[in-house]
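Undergrad: Build me a structure from this.
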Amino acid sequence: MNDHAPGSTDLASKIAILVAEKGWNQEDFAHITGLNRHTVRQILQPGGSRRLRNATVAACARALELSVNDLRTQPLDRLLARLQRPSPLANGAEPQRLLYDLATQPELRAWAERNPQRWQQLTPEEIDELLSLQGTGGPLTAFGVENFVQQIERKRQLVQQVSAIANTEYLDLLEQLVTLIYERVQPYAERR
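TA: Model prediction:
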């Protein structure tokens, strides 16, 4: 099944172009993503039509500071333009004010107005994620702001819980559980 419209850049080629735009070589990209060199070479190889696993796409998106959804769905020219401009959050603006100012969808502004306490708890990274989901027909429109904010809050709570457990005598058990789950979601070829 092809994830891209005819004439569009396939995902591996899109990643290769974005990596080149960042000025990274294969070794840099392997180090930044945590992927093995063979996988990175296959992704960055010109003309390759490699089908990428979800975990590989997620690692590439993280390294490129993009959401997986943006990496998969946004046109290449839009992603290149985004790489060339610094994040507004880097300028030291108050993140919550920035969310409100850069919210182009009325649903996002309305959610912020209805939920001031939850809005104030969003981190700069979470705000950046919400802003990246905007757009006509984008995920915020299709699935709703509340759905994505709940997902962000669930992830934040889970990280806090894992951090609390990591500081107890249950660290070994936590490590075993995380390793077991990680091995289930990591592609076999990328295991070290």
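Undergrad: contacts and neighbour counts: CA atoms only from here.
TA: Fine.
Undergrad: neighbours of Gln134, just the number please.
TA: Counted with other C-alpha atoms under 10 Å, the neighbours of Gln134 add up to 19.
Undergrad: In contact with it, which residues?
TA: Neighbour list for Gln134: 103-105, 140-141 [criterion: C-alpha atoms under 8 Å, 6 or more residues apart in numbering].
Undergrad: Among those residues, which one is most surrounded by other residues?
TA: Leu140 leads those on contacts (other C-alpha under 10 Å) with 22 neighbours.
Undergrad: does that one sit in a helix or strand, and which one?
TA: helix 139-143 (DSSP states H and E).
Undergrad: Show me this protein divided up by domain.
TA: Following automatic domain parsing, the chain resolves into domains at 11-84, 88-190.
Undergrad: tell me which element the residue nearest to Val185 when sequence neighbours are not counted falls in.
TA: Leaving aside its chain neighbours, Val185 sits nearest to Ala55 (7.0 Å; criterion: C-alpha to C-alpha, 6 or more residues apart in numbering). Element membership for Ala55 (DSSP H and E) is helix 54-63.
Undergrad: Determine how far the very next helix or strand once past that helix lies from the middle of the whole chain.
TA: Counting by DSSP H and E, the element after helix 54-63 in chain order, helix or strand, is helix 68-73. Chain-centre distance of helix 68-73: 8 Å, with C-alpha atoms, centre = their mean, to the nearest Å.
Undergrad: Next secondary structure after helix 68-73?
TA: Using DSSP H and E, the helix or strand that directly follows helix 68-73 along the chain is helix 76-84.
Undergrad: Residues in contact with that following helix: which ones?
TA: Outside helix 76-84, the residues within contact range by C-alpha under 8 Å, 6+ apart are 9, 14, 18, 21-22, 70-71.
Undergrad: ok, now with 10 Å
TA: 8-11, 13-15, 17-18, 21-22, 64-66, 70-71, 73 (C-alpha atoms under 10 Å, 6 or more residues apart in numbering).
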